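Colleague: Need a 3D model of the sequence below.
(4 chains)
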Number of protein chains: 2
Amino acid sequence: MTEKNNNKPISQKKVQRRLNEENIVFNFINKYVSENGFAPSVREICKSCNLKSTATAFNVVNRLCERGLLSKSELKRRAISLPAKSVSVPLIGTVAAGQPIFATENYEGFYSLPESFFSGEDLFMLNVQGTSMINIGMLDGDKVVVKRQDTADNGDIVVALADDGATVKRFYKRDNKIILHPENDNMDDFVFDDIIILGKVVGLIRNI
Amino acid sequence: MTEKNNNKPISQKKVQRRLNEENIVFNFINKYVSENGFAPSVREICKSCNLKSTATAFNVVNRLCERGLLSKSELKRRAISLPAKSVSVPLIGTVAAGQPIFATENYEGFYSLPESFFSGEDLFMLNVQGTSMINIGMLDGDKVVVKRQDTADNGDIVVALADDGATVKRFYKRDNKIILHPENDNMDDFVFDDIIILGKVVGLIRNI
DNA sequence: TAATTTTGCAAACTTATGTTTGCTTTTTAT
DNA sequence: ATAAAAAGCAAACATAAGTTTGCAAAATTA
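Modeller: Numbers count the residues shown, from 1 in each chain, chains lettered A, B, ... in the order given. So this is what the prediction gives:
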């Protein structure tokens, strides 16, 4: 028991100094993480924030955790994480028939998306080509975020494997036929007996 | 020198086995990072991917690094990072006139966006309300990514501060008048003598 | 000012974890 | 089938880095 009693005497000056210290450390960790992709060690925090002792940095980090600005996994190294979580999603380039989508060979790059928007086990991104979905605001060059699944419900926007690669369309099943409906007044439906569904579109990203 | 000569004898079967192993490890690391916010240790990789030796996991990780799918900082702990870098961007809720946009009080949360798409010093996100920009595929409920700046060029899509809050429109300056042009055939231009520009729209994110 | 509490610090301590080693097993080439 | 090369593995090794300690300095209270 280190506290004399339960109503702490709070010195405003001290509180201010602490908050300032915490801000400096928090900003450093943020910057470090976005530059390196992993968290700094307490010793690196010390050096960069002009703290004299690792114990000090250690304590500041713990206070930041208590304030909910950071998370930390005890006894692990560099195991500090920021509350804004992200998922790393591959952009799939060309999809050849018969090839597994999730083979790393098909990946054209990785993008980190906010987990709070796009969560799901298997996500990938795909470039939208053409204007077949323009009615629902999917433009040529947009990237769609796709949740991998091999079935779809009526009305879902899906990525399906057509003869010439992956295509984005609205999915309907009617009278044992699969209808891929372009959301474009100038285009007609495509009708198939069977089709391979690669996934369901759950999001869209555009660079302007 | 471990290699006999420079033309390697490649066994297709071995290549396949390796690639498969690398896929498993890579997917595990991805999942781990998005769940924990930091990378797994080689021993955790071993256990989860059924590798018998830490040396094996170590080698697989190194191969993934050579393939460019991961980055690693040597001699550091849990210092594997995915190539996808991200920036942390605040979502601005309601913007009252006269208030500074970047006051933390306005933040509704932080989202991590792919740095490769959205780079810039001061970014924020804003909910799109209404259908005034529907012609260029901005739907009600979309989030726009905005680069903070107080000027704009003709034709830019801007976030401007109107009487009732922030609004997204296309910007024109003509005859000393500011025109905010909705991209919606049913709506007319707004004309002002002067207006406050909050930023320029550089991206869009949609959750479907 | 003296007593008491809190904070700061350097160094010691501990251990999680990357890396190497040397032997064994498997695969490939002759 | 035999030799040679490569890959796999368990254990040892090395050390980066989290955590604790105990004293010194500063701040607070009386």
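
Colleague: how far away is residue A:141 from DNA strand C?
Modeller: 39 Å (Cβ to the nearest atom of the strand, to the nearest Å). Just so you know, the C-beta spots here come from the backbone N, C-alpha and C atoms, and that holds for glycine as well.

Colleague: Run a quick neighbour tally on that residue.
Modeller: Residue A:141 is flanked by 11 other residues according to other Cβ atoms under 10 Å in any protein chain shown.

Colleague: what does the domain assignment say about chain A?
Modeller: Domain assignment for chain A by automatic domain parsing gives A:12-72, A:86-205.

Colleague: Is it possible to get JSON lines of these that adds mean pLDDT and distance to residue B:159?
Modeller: Putting the domains of chain A into JSON lines (pLDDT from 0 to 100; distance: least, Cβ to Cβ, whole Å) gives the following:
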{"stretch": "domain A:12-72", "mean pLDDT": "90", "distance to residue B:159": "24"}
{"stretch": "domain A:86-205", "mean pLDDT": "89", "distance to residue B:159": "18"}
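
Colleague: buried residues in stretch A:168-184?
Modeller: For stretch A:168-184, a neighbour-count test (16 or more other Cβ atoms under 10 Å in any protein chain shown) marks A:168-172, A:178-183 as buried.

Colleague: Reduced to three states, what does residue A:89 come out as?
Modeller: strand (DSSP: H, G, I helix; E, B strand; the rest coil).

Colleague: For it, list each beta-bridge partner.
Modeller: According to DSSP bridges, the partner residues bridging residue A:89 are residue A:111.

Colleague: what's the answer for residue A:180, then?
Modeller: The partner residues for residue A:180, given DSSP bridges, come to residue A:171, residue A:190.

Colleague: What about residue A:155, how many residues nearby?
Modeller: With other Cβ under 10 Å as criterion, residue A:155 counts 10.

Colleague: farthest-separated two in the buried residues of stretch A:168-184?
Modeller: Spatial extent of the buried residues of stretch A:168-184 (Cβ to Cβ) is set by the pair A:178 and A:183 at 16.5 Å.

Colleague: any idea how far residue A:191 is from residue B:26?
Modeller: 39 Å (Cβ to Cβ, to the nearest Å).

Colleague: which secondary structure elements does the longest strand seen in chain A contact?
Modeller: Secondary structure of chain A per DSSP state E: the longest strand is strand A:196-207. With contacts taken as 3 or more Cβ pairs under 8 Å, 6 or more residues apart in numbering or on different chains; DSSP states H and E, strand A:196-207 sits against strand A:107-114, strand A:123-127, strand A:143-148, strand A:157-162, strand A:165-174, strand B:196-207.

Colleague: do the fourth one and chain B meet at all?
Modeller: Put plainly, it is strand A:157-162. Yes - on the criterion Cβ under 8 Å from any Cβ of the partner chain, strand A:157-162 is in touch with chain B at residue A:157.

Colleague: so residue A:144 touches residue A:136, yeah?
Modeller: No - using Cβ atoms under 8 Å, residue A:144 makes no contact with residue A:136, being 11.1 Å away.

Colleague: what about these two, which has more around it?
Modeller: Neighbour totals were compared for residue A:144 and residue A:136, and residue A:144 leads with 24 against 15 (other Cβ under 10 Å).

Colleague: Look up which residues are beta-bridged to the more buried one.
Modeller: On the basis of DSSP bridges, residue A:144 is bridged to residue A:126, residue A:204.

Colleague: for it, what are its contacts?
Modeller: Counting by Cβ atoms under 8 Å, 6 or more residues apart in numbering or on different chains, residue A:144 touches A:125-126, A:128, A:138, A:159, A:168, A:201, A:203-205.

Colleague: Just the buried ones among these, please.
Modeller: Buried among the contacts of residue A:144 (16+ other Cβ under 10 Å): A:125-126, A:128, A:138, A:159, A:168, A:201, A:203-205.

Colleague: what two of those have the greatest distance between them?
Modeller: Farthest pair in the buried ones among the contacts of residue A:144, by Cβ to Cβ: A:159 and A:205, 14.7 Å.

Colleague: in the lengthiest helix in chain A, what's buried?
Modeller: Using DSSP state H, we find that the single longest helix of chain A is helix A:12-36. By neighbour count on 16+ other Cβ under 10 Å, the buried set for helix A:12-36 is A:21-22, A:24-26, A:28-30, A:32-33, A:36.

Colleague: Check what contacts stretch A:119-132 and list those residues.
Modeller: Here stretch A:119-132 has contacts from A:87, A:89-93, A:95, A:101-102, A:111, A:113, A:138-148, A:159, A:166-169, A:182-184, A:187, A:199, A:202, A:205, using Cβ under 8 Å, 6+ apart.

Colleague: rerun at 7 Å
Modeller: Residues from elsewhere that reach stretch A:119-132, judged by Cβ atoms under 7 Å, 6 or more residues apart in numbering or on different chains: A:87, A:89-92, A:101-102, A:111, A:138-148, A:159, A:166, A:168-169, A:182, A:184, A:187, A:202.
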